[in-house]
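[1] sharing a model that was predicted from the sequence below.
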Amino acid sequence: MPDVTALEHADAMIEKTWGRPIADLEQAAVRRPVEDPLLRAAMHSRGYLTVVSNSIAVHQERLHALTHPGHIPAFYDLDRITESASALRTAHAETSTALRAICHVVDARELALQDQNGPGAERVKAATARSTHAPRPVSLPAERPAPPTAAAPAASAANRQ
């Protein structure tokens, strides 16, 4: 059984969170970036993860070519081996960072969905509904609408500073 790559792991997380295939999500992130900024952030990090994953493959191939069994590296190959190993470690660290960034975006989306449907959201909706109603004077009966509020007179130019 082959090991799961970081890109495959990220794809699985994104598909599970948004409930759609990755190809559809890529198109949605490009066409409608304002509708779901968290999707756009996740897809941006996924794009970076794709580039870094390709970089890992290139550095691994180069390192295997320089250190294949039975080959004695020349003196000038030692610097290339060291550079390739260092670049490979850096690429692995960048992969881990991009994967953590996607995890944070997924967690943020889940928390945002919980906040939209949680008890706090009901209180916010109720407070918003109450604030949109005009205040009713106590003397008016309930069946008569409240009169519009009078606009305050504008300050004269002499009083402005």
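    Thanks, I have the structure now.
[2] so where do the helices sit in the protein?
    Counting by DSSP state H, the chain has helices at residues 6-18, 22-31, 37-66, 75-117, 119-132.
[3] what is the mean pLDDT for the last one?
    By that I understand helix 119-132. Helix 119-132 carries an average pLDDT of 58.
[4] sorry, back to before: of the helices of the chain, which shows the lowest average pLDDT?
    Across these, the lowest-scoring stretch is helix 119-132, with a mean of 58.
[5] that older thread, TSV for the helices of the chain, including mean neighbour count?
    Just so you know, the C-beta spots here come from the backbone N, C-alpha and C atoms, and that holds for glycine as well. Compiled in TSV, the helices of the chain are given as follows (neighbours: other CB atoms under 10 Å):
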stretch	mean neighbour count
helix 6-18	17
helix 22-31	14
helix 37-66	17
helix 75-117	14
helix 119-132	10
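[6] against Met43, how distant is the residue nearest to Ala41 when sequence neighbours are not counted?
    Nearest residue to Ala41, sequence neighbours excluded (CB to CB, 6 or more residues apart in numbering): Val105, at 5.0 Å. Separation of Val105 from Met43 (CB to CB, to the nearest Å): 9 Å.
[7] picking that back up, against Ala112, how distant is the residue nearest to Ala41?
    Using CB to CB, Val105 is found at 10 Å from Ala112.
[8] what residues do Val105 and Met43 have in common as contacts?
    Counting by CB atoms under 8 Å, 6 or more residues apart in numbering, Val105 and Met43 have no common neighbour.
[9] okay, and the common contacts of Val105 and Ala112?
    With CB under 8 Å, 6+ apart, Val105 and Ala112 have common neighbours Leu38.
[10] quick one: residues contacting the residue nearest to Ala41.
    38, 41-42, 45.
[11] output those in CSV, with distance to Trp18 appended to each entry.
    Listed next are the contacts of Val105 as CSV, based on distance: CB to CB, whole Å:
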residue, distance to Trp18
Leu38, 9
Ala41, 12
Ala42, 8
Ser45, 14
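[12] pick out whichever of these sits closest to His59.
    Closest approach between these and His59, by CB to CB: Ser45, at 20.6 Å.
[13] separation between the closest residue to Thr5 other than its chain neighbours and His92?
    Nearest non-adjacent residue to Thr5, counting by CB to CB, 6+ apart: Ser53, 6.4 Å away. Look at Ser53 and His92: by CB to CB, they are 10 Å apart.
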